[in-house]
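Asker: Model the following, please.
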Amino acid sequence: MISFINALFYSKLTLFFSDTIGDSCKKGDFLGLHTWYYYLPSSDFGGTGYGTCDLNSNFTFLPSGGAKSDLPLILLAVVDDLLMIAGVVAVAFVLIGAFKYVASQGNPEQTAQAQSTIINALLGTAIAITAAAFVNFLGQKLGG
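Answerer: Got it, this is the predicted structure:
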């Protein structure tokens, strides 16, 4: 059953992404965000499809026959992108807090609220950067 799911998933991915997947295709990104297959090992690519950017039979969506699953590597790429987006949102909140601070005009309540926004946003930025670095490290070590 698991090998059937792997074969089905492999055939659908090859059909839709055959021209965009592969070791040479991993270099592309969009606004700094990685593709879902960014951490997959090079041995999963280069099948007999349209070119070198298609998945081959080494790709396993679910573990079967002693082969490791590639699902954790795909999830790491997605989490990495989500953490990068969280970092951008946190930086935006730093800017919003700075604008509130300038616009508070000395009002103690608004100034305190703006300072709280800035501090929380800076903590969020630090957490997002640290977590993204950790996920990137894991993806490089597990995926190769």
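Asker: going forward, measure contacts between C-alpha atoms and count neighbours the same way
Answerer: Fine.
Asker: For the nearest residue to L75 once chain neighbours are set aside, what are phi and psi?
Answerer: The spatially closest residue to L75, leaving aside those adjacent along the chain, is W36, at 7.7 Å (CA to CA, 6 or more residues apart in numbering). For W36, the backbone dihedrals (degrees, to the nearest 10) come out as phi -60, psi -20.
Asker: So which bits of stretch 36-46 are buried?
Answerer: Of the residues in stretch 36-46, 36-42, 44-46 count as buried by neighbour count, 16 or more other CA atoms under 10 Å.
Asker: Then stretch 63-79?
Answerer: By neighbour count on 16+ other CA under 10 Å, the buried set for stretch 63-79 is 70, 72-74, 76-79.
Asker: Just checking: the least confident one among the residues you listed is which?
Answerer: Taking the buried residues of stretch 63-79 together, the minimum pLDDT is found at D70 (79).
Asker: Switch the buried residues of stretch 63-79 over to CSV; also include secondary structure.
Answerer: What follows is the buried residues of stretch 63-79, written out as CSV (DSSP: H, G, I helix; E, B strand; the rest coil):
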residue, secondary structure
D70, coil
P72, helix
L73, helix
I74, helix
L76, helix
A77, helix
V78, helix
V79, helix
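Asker: As JSON lines, those residues with distance to N120 would be great.
Answerer: Converted to JSON lines, those look like this (distance: CA to CA, whole Å):
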{"residue": "D70", "distance to N120": "36"}
{"residue": "P72", "distance to N120": "31"}
{"residue": "L73", "distance to N120": "31"}
{"residue": "I74", "distance to N120": "30"}
{"residue": "L76", "distance to N120": "26"}
{"residue": "A77", "distance to N120": "26"}
{"residue": "V78", "distance to N120": "25"}
{"residue": "V79", "distance to N120": "21"}
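Asker: Determine how far the longest helix along the chain lies from the middle of the whole chain.
Answerer: When the chain is parsed with DSSP state H, its longest helix is helix 108-143. Here helix 108-143 is found 16 Å from its chain centre; the criterion is CA atoms, centre = their mean, to the nearest Å.
Asker: contacting residues around stretch 109-129?
Answerer: Residues outside stretch 109-129 that contact it (CA atoms under 8 Å, 6 or more residues apart in numbering): 83-84, 86-88, 90-91, 93-98, 100-101, 104.
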